[in-house]
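Participant: based on what follows, work out the 3D shape:
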Amino acid sequence: MKKLMMILASISVSTPIIGTAVACRSPQTGGEIDTTGVPTVGSIKANLKKAGYDVDNLDVDLVPGMKTATIRFMPGSPNPPFLTKKVDLKWTTNDINKIITFTSLPYDNGSGEKLTVDEVLTAINNLNGTNFTFSDVEVNFDQEISQWVIEPKPGGNFTGSAVEIINEPITFSQAFPLENIGDIYIDAAVWADYKKNPEGTTMNITAAIMEFVGDRNRFASLYKHAILKAMMGALNGGIDLSINQENGEGTLKITTEVEHVINRSTLTANFKVNTTPPRKFLTQDNIKPTKNLIPVKLNETYTKETENKLRYDLVTKLLGKEFADQYNELWYNELWVTFNEDGKGAIVEAKPGSKILAVSDKLAYIMTKIPAYKLDVTFE
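Facilitator: Next comes the predicted model:
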């Protein structure tokens, strides 16, 4: 039980890049999508929904500075009109008071440590669906009022008076706003065990579900200690899992709290279990990995400026050009790259919760039965 709670706390995901977009033609409806508005994910999704898009099956990545964005459909979405679409943005306001509308934030990360200035801006971006950078705004702790304050930089793209960030708890629905997760991919053995003994195997399948929840709701990484405390508090009757074994449709509800960080509330995730996924292992010829660190050599040198080419070349080498081309527009979101300091290589990880690649969190794999592994890529 404790291992599961640590898994939930270990959700380690990059900060989402989210925003809004200008009008474009909808391949589904033939009508014009008016996505002009404030540069937030809420604005763009509301307008996309009006145009007939299934917003539960797409995400929006906003480039830092919020002048362009990418609409990205989830792999496996039914009849997507495209995988990704890059668009320019047209704002109806540049007043940060109209853009930053959610101003509550627990300053304590759950471990007794206060958030750093970088973490404050990241958290505010997550909660508001924005992607402000320190080129856009100044973030300072006002000693007189004991609060973080965000102000637009003089001469920059944004205007407005200072926004005070209030130190107070939030709810799970605010931290994990997306409830409809869609298709999730569970190891066939885990699913079979659950169907035989639902009560005795709830923790294993919940661990697998939470990897997909973490990918679609990327707030938890800043509050890992708080999430751990919350999940430990849910052990005594706070976890409610219901799955229709005939069609795989289910709902996970976790009700709990953490003093000063998360008010008593419920995390909800709706999903559909699949056991025959289109996912592949990021290994040579899709062989199930037996090591945590897998060496790979590429006959080229890559830098931060060419990391997308690194992603594509790596997938091509391991799984073939056809597969690499099929999801070429999505690799930027599927593979995390950390370059070595000497510039001679990189560590590449497929993200847990991917709907393309089979991988699990290093704490979760014992229960999910999906290996946890990284690639040690050497440039030659």
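Participant: buried set for stretch 158-169?
Facilitator: 158, 160, 163, 165, 167, 169 (16 or more other C-beta atoms under 10 Å). Just so you know, the C-beta spots here come from the backbone N, C-alpha and C atoms, and that holds for glycine as well.
Participant: over to stretch 74-83?
Facilitator: In stretch 74-83, counting by 16+ other C-beta under 10 Å, buried: 74-77, 80-81, 83.
Participant: over to stretch 179-187?
Facilitator: For stretch 179-187, by 16+ other C-beta under 10 Å, it's 179, 181-187.
Participant: same question for stretch 282-294.
Facilitator: Neighbour-count burial for stretch 282-294 [16+ other C-beta under 10 Å]: 282-283, 289, 294.
Participant: over to stretch 247-262?
Facilitator: 248, 250, 252-258, 261-262.
Participant: now the two most distant members of those residues.
Facilitator: Maximum pairwise distance among the buried residues of stretch 247-262 (C-beta to C-beta): 33.4 Å, between Gly248 and Val261.
Participant: would you map out the domains in this protein?
Facilitator: 2-12+173-274, 24-88, 96-171, 284-379 (automatic domain parsing).
Participant: export these as TSV, with columns for mean pLDDT.
Facilitator: Formatted as TSV, the domains of the chain follow (pLDDT from 0 to 100):
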stretch	mean pLDDT
domain 2-12+173-274	83
domain 24-88	78
domain 96-171	94
domain 284-379	94
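Participant: what sits against Arg77?
Facilitator: That one is not Arg; residue 77 is Ser. Ser77 is in contact with 54, 57-58, 182, counting by C-beta atoms under 8 Å, 6 or more residues apart in numbering.
Participant: picking up where we left off before, ok, of the buried residues of stretch 74-83, which one's closest to Glu119?
Facilitator: When the buried residues of stretch 74-83 are compared against Glu119 (criterion: C-beta to C-beta), the nearest one is Met74, at 27.6 Å.
Participant: so what's that closest one closest to, chain neighbours aside?
Facilitator: Spatial nearest neighbour of Met74, excluding adjacent residues (C-beta to C-beta, 6 or more residues apart in numbering): Asn57 at 4.9 Å.
Participant: tell me which two of the contacts of Ser77 sit farthest apart.
Facilitator: Pairwise over these, using C-beta to C-beta, the maximum falls at Leu58 and Gly182, 10.1 Å.
Participant: hang on, the earlier thing: now, which of the buried residues of stretch 179-187 sits nearest Asp215?
Facilitator: Ile181 (8.6 Å).
Participant: list the residues that contact the nearest residue to that closest one once chain neighbours are set aside.
Facilitator: Taking C-beta to C-beta, 6+ apart, and ignoring the residues beside it in sequence, Ile181 has Phe271 as its nearest neighbour in space, at 4.5 Å. Taking C-beta under 8 Å, 6+ apart, we find Phe271 in contact with 181-184, 209, 212, 249-252.
Participant: list the buried residues for the helix or strand Phe271 falls within?
Facilitator: Per DSSP states H and E, Phe271 falls inside strand 262-274. For strand 262-274, a neighbour-count test (16+ other C-beta under 10 Å) marks 262, 265, 267-269, 271, 273-274 as buried.
Participant: related to what we said a few turns ago, turn the buried residues of stretch 247-262 into CSV, columns for distance to Thr36 and secondary structure.
Facilitator: Formatted as CSV, the buried residues of stretch 247-262 follow (distance: C-beta to C-beta, whole Å; DSSP: H, G, I helix; E, B strand; the rest coil):
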residue, distance to Thr36, secondary structure
Gly248, 39, coil
Gly250, 38, strand
Leu252, 36, strand
Lys253, 37, strand
Ile254, 37, strand
Thr255, 39, strand
Thr256, 40, strand
Glu257, 39, strand
Val258, 39, strand
Val261, 36, coil
Ile262, 35, strand
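Participant: closest one of those residues to Asp108?
Facilitator: Distances from Asp108 to those, taken by C-beta to C-beta, are shortest for Val261, at 6.1 Å.
Participant: ok, that closest one touching Leu105?
Facilitator: No: Val261 is beyond contact range of Leu105, at 10.1 Å (criterion: C-beta atoms under 8 Å).
Participant: ok, the buried residues of strand 262-274 vs Pro198, which is closest?
Facilitator: Of the buried residues of strand 262-274, the one sitting nearest to Pro198 (C-beta to C-beta) turns out to be Val273, at 12.4 Å.
Participant: can you tell me how far the closest one is from Asn286?
Facilitator: From Val273 across to Asn286, the span is 22 Å (C-beta to C-beta, to the nearest Å).
Participant: beta partners for Gly345?
Facilitator: Counting by DSSP bridges, Gly345 is bridged to Thr378.
Participant: returning to what we had before: redo the buried residues of stretch 158-169 as JSON lines? Include distance to Leu298 and secondary structure.
Facilitator: Shown next, in JSON lines, are the buried residues of stretch 158-169 (distance: C-beta to C-beta, whole Å; three-state DSSP):
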{"residue": "Phe158", "distance to Leu298": "41", "secondary structure": "coil"}
{"residue": "Gly160", "distance to Leu298": "47", "secondary structure": "coil"}
{"residue": "Val163", "distance to Leu298": "45", "secondary structure": "strand"}
{"residue": "Ile165", "distance to Leu298": "44", "secondary structure": "strand"}
{"residue": "Asn167", "distance to Leu298": "47", "secondary structure": "coil"}
{"residue": "Pro169", "distance to Leu298": "47", "secondary structure": "coil"}
